[in-house]
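Peer 1: No sequence on hand, only this structure:
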Ligand code: NAD
């Protein structure tokens, strides 16, 4: 009957409006996350994602001015009560120890570590000097070891388990032209995460890896020299790079910092409670990894 139909439509519209007004569940409420490289593209998008779902976040970065601006932005959108920022160089052992101690005092503990601080470098192997090689190893491999070790120490003491996510790279699995130092350091990150997953399991500490493909927009490492060098490695103009990456993906989509943040959210939430030692590539389906 038309009256009944009209009644049903109105009834369900009211129910839907009621649902919309209800407070949304906040799956990370009560959790504290430390995000290294938190002032950068992927780090900041990840911090935003975790804050949105109720976590308190400590941004840790070596870049003071980017850190201040990320802090202002995130605290403005969420609240000063849930965002802290601290200067951290992940290659300096004492800095890392102090950072974890400070973060633990500020928020009473750490449940989530997103190890994301990074750089990029590009050069053919015969033009890779030892300083470039060591810089990649120091930040991307040793730095990841140092922050993960402090997270382990704290999480084991807390006896509450925890979740660690490494932002590595698709280049840690696939070779990329003129980037041997970067690719090797990223491969070490991926293997370190697997070793730590094995060690952490009995303490409820999960360790997983997210591998982005090229994330050009929002990323500081994609500005300047690196952009030029990558374009040269592919024999194209810098402005053609984004289209190159989009086209080579199976889904023909570009990857953004927010896409990486979604994968991190999966690994730090209870949705992945039974997942450790795993790797997720966020690359819109990179056809280079498949034989067709
Ligand atoms: P980004 O440059 O925007 O952010 C990186 C952040 O790390 C910066 O804020 C920088 O100040 C910080 N950092 C650098 N050295 C540090 C140190 N020693 N101690 C503490 N902080 C330090 O770059 P992004 O694209 O957001 O990269 C984040 C991570 O994702 C990196 O590990 C990078 O290798 C990885 N990744 C990026 C891409 C990409 O295309 N953007 C692709 C694959 C992997």
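Peer 2: Thanks, I have it. Values in this document were obtained by computation on a predicted structure and should not be read as measured data. Numbering: from 1, shown residues only.
Peer 1: and residue 119, that one's in a helix?
Peer 2: No. Counting by DSSP: H, G, I helix; E, B strand; the rest coil, residue 119 is not found in a helix; it is coil.
Peer 1: and it, what does it touch?
Peer 2: Residues in contact with residue 119 (C-beta atoms under 8 Å, 6 or more residues apart in numbering) are 135-136, 139-140, 221. In this view, the C-beta of every residue, glycine as well, is placed from N, C-alpha and C.
Peer 1: Most neighbours out of those, which is it?
Peer 2: Neighbour count (other C-beta atoms under 10 Å) singles out residue 140 as the most crowded of those, with 29 neighbours.
Peer 1: That residue and the ligand: what is the separation?
Peer 2: Using C-beta to the nearest ligand atom, to the nearest Å, one gets 7 Å for the distance from residue 140 to the ligand.
Peer 1: which ones are touching residue 182?
Peer 2: By C-beta under 8 Å, 6+ apart, the residues touching residue 182 are 120-122, 136, 140, 169, 171, 176.
Peer 1: and with 6 Å instead?
Peer 2: 120-121, 136 (C-beta atoms under 6 Å, 6 or more residues apart in numbering).
Peer 1: do residue 61 as well
Peer 2: For residue 61, the contacting residues are 37-39, 67, by C-beta under 6 Å, 6+ apart.
Peer 1: Okay, and which of those map to helices?
Peer 2: By the criterion of DSSP state H, membership of those in helices covers residue 67.
Peer 1: filter the contacts of residue 61 down to the ones near the ligand?
Peer 2: When contact is defined as C-beta under 6 Å from any ligand atom, those meet the ligand at 37, 39.
Peer 1: quick revisit: columns distance to the ligand and pLDDT on top of the contacts of residue 182, output as TSV?
Peer 2: Shown next, in TSV, are the contacts of residue 182 (distance: C-beta to the nearest ligand atom, whole Å; pLDDT from 0 to 100):
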residue	distance to the ligand	pLDDT
120	6	87
121	10	85
136	10	97
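Peer 1: Now render those as TSV, adding distance to residue 263.
Peer 2: As requested, those are arranged in TSV below (distance: C-beta to C-beta, whole Å):
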residue	distance to residue 263
120	20
121	25
136	23
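Peer 1: tell me which of those residues is nearest to residue 113?
Peer 2: Ranked by distance to residue 113 (C-beta to C-beta), the contacts of residue 182 are led by residue 136 at 20.8 Å.
Peer 1: Distance check, that closest one against residue 89.
Peer 2: Distance, residue 136 to residue 89, using C-beta to C-beta, to the nearest Å: 15 Å.
Peer 1: Quick one: list the elements packing against the top strand by length along the chain.
Peer 2: When the chain is parsed with DSSP state E, its longest strand is strand 205-212. Using 3 or more C-beta pairs under 6 Å, 6 or more residues apart in numbering; DSSP states H and E, the elements in contact with strand 205-212 are strand 162-167, helix 180-200, helix 257-268, strand 279-282.
Peer 1: wait, which of those is closest to the ligand?
Peer 2: With C-beta to the nearest ligand atom, the closest approach to the ligand among the helices and strands packed on strand 205-212 belongs to strand 162-167: 4.4 Å.
Peer 1: Check which helices and strands the closest one sits against.
Peer 2: Strand 162-167 sits against strand 112-115, helix 143-158, strand 205-212, helix 257-268, with contacts defined as 3+ C-beta pairs under 6 Å, 6+ apart.
Peer 1: which one of the ones you listed is the most hemmed in?
Peer 2: Neighbour counts (mean count of other C-beta atoms under 10 Å) averaged over each of these peak at strand 112-115, with a mean of 30.
Peer 1: which residues sit against that one?
Peer 2: Residues contacting strand 112-115 (C-beta under 6 Å, 6+ apart): 31, 33-36, 46, 144, 147, 151, 163-166, 264, 268.
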